[in-house]
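Trainee: Predicted coordinates and the sequence they were generated for:
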Amino acid sequence: MEPLIVSLDFLEFPPTFTCDGENVSPRIRLKGLISASVAVMVFNPFEKSCCSFTPWICWNLPPLSVIPAGIPREGAVTSPVTAVQGITDHGTIGYTGPCPPHGEMIRYQFRVYGLDAMLDLPPGSDKHALVTAMKGHVLQYGETVAICTR
């Protein structure tokens with residue numbers, strides 16, 4: 001598997017990307033991408049209510065070096081980039097930024113997959129359907145982490 005370098009513009013979330021700000025999806029930079037499409041899954045691996053909470057899943061992104069910030073909370077997106085989004089563990093479609101209790105810290109893990117094709121998966125699908133659809137199509141993988149404290 002070819003490596004994929006994934007980075008954000010920060011190590012600690014600025015308010016813009018959290019519940020204390022505009023709660024918009026952050027820009028994600030990709031280096032070494034040689035795939036036909038991209039999928040993103042974001043996890044909070046230490047959510048107290050479960051073992052791994054998923055606040056964003058997005059797929060069928062074009063193979064660009066930058067996934068732009070501010071992807072709207074819609075199933076099928078055409079701007080600022082084309083993409084399909086699924087239902088999160090919040091029960092909503094689209095990105096939901098971190099919102100830890102005051103005095104606590106949480107970590108968001110951004111996992112990015114380079115795929116050999118666009119996926120035949122409808123908007124609103126859940127993370128289990130996305131994982132199943134990606135089987136046999138993953139050419140690249142990379143991840144990065146950011147923390148949020150309040």
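Mentor: Perfect, I can see it now.
Trainee: Residues touching the worst-scoring helix or strand of the chain on mean pLDDT, excluding its own?
Mentor: Ranking every helix and strand in the chain by mean pLDDT, DSSP states H and E puts strand 2-3 at the bottom, with a mean of 86. Strand 2-3 has contacts (Cβ atoms under 8 Å, 6 or more residues apart in numbering) with Gly32, Ile34, Gly114, Leu139, Gln140, Gly142. (Each C-beta comes from the backbone N, C-alpha and C, glycine too.)
Trainee: From those, which land in strands?
Mentor: Members of the contacts of strand 2-3 lying in strands (criterion: DSSP state E): Gly114, Leu139, Gln140, Gly142.
Trainee: Identify, from these, the entry nearest to Asn44.
Mentor: Ranked by distance to Asn44 (Cβ to Cβ), those are led by Gly142 at 18.5 Å.
Trainee: what sits against the nearest residue to the closest one once chain neighbours are set aside?
Mentor: In this structure, Gly142 finds its nearest non-sequential neighbour in Leu4, 3.4 Å apart by Cβ to Cβ, 6 or more residues apart in numbering. Under the criterion of Cβ under 8 Å, 6+ apart, the contact list for Leu4 reads Leu30, Lys31, Gly32, Leu33, Val112, Gly114, Gln140, Tyr141, Gly142.
Trainee: low pLDDT regions in the chain?
Mentor: The chain contains residues with pLDDT under 70 at 47-51.
Trainee: State the three-state secondary structure for the residue of it most remote from its centre.
Mentor: Among the C-alpha atoms of the chain, the one farthest from their average position, using Cα atoms, centre = their mean, is that of Gly103, at 25.2 Å. Following DSSP: H, G, I helix; E, B strand; the rest coil, the label given to Gly103 is coil.
Trainee: Then the one 5 residues further on?
Mentor: Here Tyr108 is recorded as strand under three-state DSSP.
Trainee: swap in Ala129?
Mentor: helix.
Trainee: Likewise for the one 4 residues further on?
Mentor: Going by three-state DSSP, the secondary structure assigned to Ala133 is helix.
Trainee: What about it, how many residues nearby?
Mentor: For Ala133, the neighbour count with other Cβ atoms under 10 Å is 16.
Trainee: wouldn't it be in contact with Leu119 here?
Mentor: Yes: assessed by Cβ atoms under 8 Å, Ala133 is found in contact with Leu119 at 4.6 Å.
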